[in-house]
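Q: The sequence and its predicted three-dimensional model are supplied below.
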Number of protein chains: 2
Amino acid sequence: MEKISTLTIEEKEYFMKEAIKEAKKAELIAEVPIGAVVVLNGEIIGRGHNLRETSQNATAHAEMMAIQQACARLDNFRLEDTQLFVTLEPCPMCSGAILLSRIDEVYFGAYDPKGGTAGSLLNLLEDQRFNHWCYLESRVLEEECSQLLKTFFKALRQRKKADKQKEKENSEKD
Amino acid sequence: MEKISTLTIEEKEYFMKEAIKEAKKAELIAEVPIGAVVVLNGEIIGRGHNLRETSQNATAHAEMMAIQQACARLDNFRLEDTQLFVTLEPCPMCSGAILLSRIDEVYFGAYDPKGGTAGSLLNLLEDQRFNHWCYLESRVLEEECSQLLKTFFKALRQRKKADKQKEKENSEKD
């Protein structure tokens, strides 16, 4: 059974911008900038950003935070008729959580060729052997979502290089 | 690179029994009886049982609970050198969380042919395209793990049938 999108281009871009705002919150606290929102009837019912380092919790991905907030808001583990927006292609854990919570439509920004399971390594979200599957759309505001990550990792590499240089200088002084 | 088991048969059965104890806690509160434990150096550092209905949270699976407790206990999202025991084959979400938390060895009891991703529909845990993979062993105390689920679903079907019968009788009275 084919699933379809229920949103206009304007709505998709509006909600992806909200996911990007979440990603920027992660960036501010030195987390990999990934953000997500869950939408029901045009209203955001769950928001989340990556908190893996801050919380030292392996499961604290943006999508998980947004899904948990939405479940709490509706007091229901079934998020039927909702849309999820996330800046990066979901990993296996988040793809699984999307299926379990029965989210109907998933929109992501940038592909994650090394770990994504919504088209890159696998496509869990459209695999009809599971008891739920989604409408899936990629590359929504892709450039902006991708640029956030590129900038973050470039700065991280530069910081690491500078730290190494300092370490080298200090050891030469000794 | 081949991963190996670091446990004896006795240890495997001991820890699976602990996972079964967790599953029974779920059963007591009318949740599908699935339980899990995370082990480090012979000590249980995380326990969990399915809480989906009670919490109305789609992500409240036994493995997620156990992993989150272990991360909190170690204050580290990396659960290196640990083993996870779970009574039922993990779903995509839990398989993903196992990979993200870098658990080294995974032991499960019963296969889940309709949704399992540790051998049934997919094998996420041994897929070397991801940046982590596991030693994987199935059928540990399989009969006991499987029986728990069968008994639970049989009782559920009987309850539903009885409810339907009562409803029918009531409507005939009207």
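A: All right, it came through fine. Numbering: from 1, shown residues only, chains lettered A, B, ... in the order given.

Q: pretty sure residue A:145 is in a helix, no?
A: Yes. Residue A:145 forms part of a helix when assessed by DSSP: H, G, I helix; E, B strand; the rest coil.

Q: where's it relative to chain B, distance?
A: 20 Å (CB to the nearest CB, to the nearest Å). In short, each C-beta sits where N, CA and C put it, glycine included.

Q: who touches the residue positioned nearest the centre of chain A in this structure?
A: When CA atoms, centre = their mean is applied to chain A, the residue found nearest the centroid is residue A:86 (3.9 Å). For residue A:86, the contact set (CB atoms under 8 Å, 6 or more residues apart in numbering or on different chains) comprises A:19, A:34, A:35, A:36, A:62, A:63, A:66, A:94, A:106, A:107, A:108, A:109.

Q: What is the nearest of these to residue A:25?
A: Distances from residue A:25 to the contacts of residue A:86, taken as CB to CB, are shortest for residue A:35 (6.9 Å).

Q: beta partners of the closest one?
A: Judged by DSSP bridges, the bridge partners of residue A:35 are residue A:49.

Q: Hmm, it is touching residue A:46, no?
A: No. Residue A:35 is not in contact with residue A:46 according to CB atoms under 8 Å; the separation is 11.6 Å.

Q: Now a PyMOL select for only the buried ones of the contacts of residue A:86.
A: In PyMOL, the members of the contacts of residue A:86 classed as buried (16 or more other CB atoms under 10 Å in any protein chain shown) are selected with the following command:
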select buried, chain A and resi 19+34+35+36+62+63+66+94+106+107+108+109
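
Q: returning to what we had before: compute the distance between the residue nearest to the centre of chain A and chain B, please.
A: Between residue A:86 and chain B the distance is 14 Å, computed by CB to the nearest CB.

Q: Looks to me like that residue is in a strand.
A: Yes. With three-state DSSP as the criterion, residue A:86 is located in a strand.

Q: Model confidence for it, exactly?
A: On the pLDDT scale, residue A:86 is placed at 98.

Q: Kindly report the same for the one 10 residues further on.
A: Residue A:96 is assigned a predicted lDDT (pLDDT) of 98.

Q: Do any residues in the helix or strand harbouring it lie close to chain B?
A: Under the criterion of DSSP states H and E, residue A:96 resides in helix A:92-100. Yes. Using CB under 8 Å from any CB of the partner chain, we find that helix A:92-100 touches chain B at A:92, A:93, A:94, A:95, A:96, A:97, A:99, A:100.

Q: Among these, which one sits closest to residue B:120?
A: After measuring the residues of helix A:92-100 next to chain B against residue B:120 - CB to CB - the closest member comes out as residue A:96, at 13.8 Å.

Q: Wait, the closest one touches residue A:124, no?
A: Yes. Residue A:96 lies in contact with residue A:124 (CB under 8 Å); the separation is 6.8 Å.

Q: who touches both of those two?
A: Common contact partners of residue A:96 and residue A:124 (CB under 8 Å, 6+ apart): residue B:92.

Q: quick one: the residue lying closest to residue A:120 once chain neighbours are set aside and residue B:91, what's the gap?
A: Leaving aside its chain neighbours, residue A:120 sits nearest to residue A:113 (5.0 Å; criterion: CB to CB, 6 or more residues apart in numbering or on different chains). The gap separating residue A:113 from residue B:91 is 24 Å, by CB to CB, to the nearest Å.

Q: So for the two, which sits in the more crowded spot?
A: In this view residue A:113 and residue B:91 are compared by other CB atoms under 10 Å in any protein chain shown, and residue B:91 has more residues nearby, 28 against 10.

Q: Next, the contact list for the more buried one, please.
A: Taking CB under 8 Å, 6+ apart as the criterion, residue B:91 is in contact with A:96, A:100, B:61, B:112, B:115, B:116, B:117.

Q: Relative to residue B:107, how far out is residue A:64?
A: Look at residue A:64 and residue B:107: by CB to CB, they are 25 Å apart.

Q: Tell me which stretches of chain A form helices.
A: Per DSSP state H, chain A carries helices over the ranges A:9-28, A:52-55, A:62-74, A:92-100, A:142-173.

Q: deepest of those helices, which one?
A: Highest mean neighbour count among these (mean count of other CB atoms under 10 Å in any protein chain shown): helix A:92-100, with a mean of 29.

Q: could you check the angle helix B:92-100 makes with that one?
A: Relative orientation of helix A:92-100 versus helix B:92-100 (axes from the mean of the first three to the mean of the last three CA atoms, to 10 degrees): 170 degrees.

Q: what's in contact with helix A:92-100?
A: Residues outside helix A:92-100 that contact it (CB under 8 Å, 6+ apart) are A:59, A:61-64, A:67, A:77, A:84, A:86, A:90, A:106, A:115, A:117-118, A:122, A:124-125, A:130-134, B:58-59, B:61, B:91-97, B:99-100, B:117, B:124, B:130.
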